[in-house]
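K.L.:
Dropping the sequence and predicted coords here.
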Amino acid sequence: MAPLKSLVALLSTSVLPWVLADLVTFKADLTWAKGAPDGNLRDMIFVNGQFPSPALTLNQYDNVEFIVNNSMPFEATIHFHGIEQRNTPWSDGVPGLTQKSILPGETFTYRWTATQYGTYWYHAHARSLMADGLYGAIWINPAPENPQPFHLISDDPSDIESMRKAERDPKLIILSDWSHYTSEEYQNIMEDSGVDLFCVDSILINGRGRVHCPGADFINSFQTDYLKAAIDNLPLTDKGCYPKIWKTQGSFPRNDSKVPPGLESGCVPTTGTHEVIEVDQQDKWVSMKFISAAWLKALIASIDEHPMWIYEVDGNYIEPQLAHTMIMFNGERYSAMVKLDKQPKDYTIRATDPNADQIIAGFATMRYKGSDQIGESEPYVNYGGLNTTADVIALDESILAPYPNIQLPTAADQLINLTFGRRESSYQWTLQGEQLYDVMANHDNPILYNLTARENLGNKVTVQTKNGTWVDVLLQVGIMPNTPTIQSPHIIHKHSNKAFIIGEGDGFFNWTSVAEAASERPELFEFERPRLRDTYMVLGLLGPKWMVIRYQVVNPGPFLIHCHIETHLFNGMSVALLDGVDKWPEIPREYAI
């Protein structure tokens, strides 16, 4: 067992090679204009005239100035997903918590240090503007002292060198979903109807795609026996959307007539656009860094005929795992090392819904440089997200151990119990179990600047911790009044530093501490090779389920933990972790409000 002192040193960035640091200035001009990424014209967000937003490429330890000029007609903020914001909580981008919103015509500068390496992304964190196109990739090139796991993929020195080269120049692939309704229109429809909406029009890859309309009969042919039973053997629409029944909505009051018929059915195909990613066979290997910027959907990612070695997850190297497919939930990042040893031609990159809440798919092309062969490639998954053969290997998310390995102490100082479920209506979700988090609270009085402003939120949706302590957070899918047993998957994102997944199981967590639970059921816990993530999927399809994550409080400030499904976040599914209240940060003069 590694001593606690060494763990703190490993997770701390108090001593950094500042001599390597450059100042990187990035200017982001936000505008609201007409665009048609899938061939259908609607209002959306552009950053510097681009969609998706331009990528931010850095070296580890660089200092960042991210200057936002809000030229839109409404307020905005930017969150840097997965960036720990060590000693810079005022740059975390959460309105009412770490800053005031950036009003129309205003400029705000985020300053932070790239203390970590790896794959991250930035996106809107005010209203639900991420669904309107405000997101972009972040790639932080690792410093030389970081051990890389490529020798665990191949022991051939030539392969290892090719993989190192590929890592220095990766292909960034953003997967996202797209609706023909703006985020405000989508929210208004839910409020007017009382319906929990989860239907979109297209899947985009690097902001490109089109509306596919293969027909209701074709779509319904992909229903699994489980899916049919879950929706009472009712058909899906021609957009692949689920019926509005008790099992998908609960028994809350609703008025289905308030949902425009074109939102869930009446598919109209578009020509759209198509992303082509060129690779060079002479490079031998390519690094594909997948980022899920989906605001509603989970997506299965795959590259036809090309196995993937998954070697980095949520910005941290792992012990590589071979997979043909991987499910990506909202906010997650998976880096794949892909060997370029196939016949030079075009191969399809697929992003399909995993038969979970809509049958829909999007496509791009991986093209070998110099190839003039366009022919069909053999898929690992079909349009409905189902494996095409029994030989397809899916990524096993439960064993993605960090590289190098990190061990943990088996006791924490505090246990925070968070229980998920619907509350008050079918579209409102709670992270805490009893109260909703008001994302509009404290917009003019952020908690970072005034700790007593926490009183403007529900007393149970703010939690205080002390600096230096270890905290266990219990994430539990519960059973709420008027709510069906089958629940939506919840993808929980923790701001600031990452946390270790130390245990998970079915049913309710009926112990008073992790130490007690681990003593009674040690097979449910992992302290020797725990996964290190900033995004956690908790799925209770067949009843209650729990997960415990553990982190050390090393960065005082108010940091959100929330569901990353945008409609869940906006409608209450958050809690504010007030970390290190005994060492609350002083606000720099330039950030005074």
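P.N.:
Received it, and whenever you're ready, just let me know what you need.
K.L.:
what's the burial count for Pro253?
P.N.:
8 (other Cβ atoms under 10 Å). C-beta: built from backbone N, CA, C; applies to glycine.
K.L.:
repeat for the one 5 residues further on
P.N.:
With neighbours defined by other Cβ under 10 Å, the count for Lys258 comes to 14.
K.L.:
Provide a list of residues in contact with it.
P.N.:
Ile189, Asp192, Ser193, Gly194, Val195 (Cβ atoms under 8 Å, 6 or more residues apart in numbering).
K.L.:
Helix or strand next in line after the helix or strand encompassing Leu475, which one?
P.N.:
Here Leu475 sits within strand 470-477, counting by DSSP states H and E. Going down the chain from strand 470-477, the next helix or strand is strand 490-494, by DSSP H and E.
K.L.:
what pLDDT does the residue nearest to Met366 when sequence neighbours are not counted get?
P.N.:
What sits nearest to Met366 in space, not counting adjacent residues and going by Cβ to Cβ, 6 or more residues apart in numbering, is Tyr347, at 4.7 Å. Reported pLDDT at Tyr347 in the predicted model: 97.
K.L.:
Same question for Pro17.
P.N.:
50.
K.L.:
the domain parsing of the protein - what is it?
P.N.:
4-143, 183-264, 276-399, 414-591 (automatic domain parsing).
K.L.:
any idea how far Ala36 lies from Ala592?
P.N.:
Distance from Ala36 to Ala592, counting by Cβ to Cβ, to the nearest Å: 42 Å.
K.L.:
out of the two, which sits in the busier spot?
P.N.:
Ala36 (14 against 8).
K.L.:
who are the neighbours in contact with that one?
P.N.:
Arg42, Gly272.
K.L.:
coming back round to it: out of the domains of the chain, which gets nearest to Asn405?
P.N.:
Asn405 lies closest, by Cβ to Cβ, to one member of these: domain 414-591, at 5.7 Å.
K.L.:
okay, how far is it across the closest one, tip to tip?
P.N.:
32 Å (Cα to Cα, to the nearest Å).
K.L.:
related to what we said a few turns ago, report the angle between the strand holding Leu475 and strand 490-494.
P.N.:
160 degrees (axes from the mean of the first three to the mean of the last three Cα atoms, to 10 degrees).
K.L.:
Now do strand 470-477, average pLDDT.
P.N.:
96.
K.L.:
List the strands paired with it, with their directions.
P.N.:
When pairs are called by DSSP bridges, strand 470-477 turns out to pair with strand 414-423 (parallel), strand 545-552 (antiparallel).
K.L.:
Need these in CSV (columns: distance to Pro95 and mean pLDDT).
P.N.:
What follows is those, written out as CSV (distance: least, Cβ to Cβ, whole Å; pLDDT from 0 to 100):
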stretch, distance to Pro95, mean pLDDT
strand 414-423, 22, 94
strand 545-552, 24, 96
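K.L.:
Can you say which of these is packed in most?
P.N.:
Highest mean neighbour count among the strands paired with strand 470-477 (mean count of other Cβ atoms under 10 Å): strand 545-552, with a mean of 24.
K.L.:
Could you point out the helix or strand that follows that strand?
P.N.:
Counting by DSSP H and E, what follows strand 545-552 is strand 557-563.
K.L.:
Let me know the next secondary structure element after that following strand.
P.N.:
Defined by DSSP H and E, the subsequent element after strand 557-563 is helix 566-570.
K.L.:
which secondary structure elements does that next one contact?
P.N.:
helix 183-193, strand 557-563 (3 or more Cβ pairs under 8 Å, 6 or more residues apart in numbering; DSSP states H and E).
K.L.:
Identify all contacting residues around it.
P.N.:
So helix 566-570 is contacted by 127-128, 130-131, 183, 186-187, 190, 196-198, 295-296, 427, 429, 439, 488, 490, 562-563 (Cβ under 8 Å, 6+ apart).
K.L.:
buried subset of those?
P.N.:
127-128, 130-131, 183, 186-187, 190, 196-198, 295-296, 427, 429, 439, 488, 490, 562-563 (16 or more other Cβ atoms under 10 Å).
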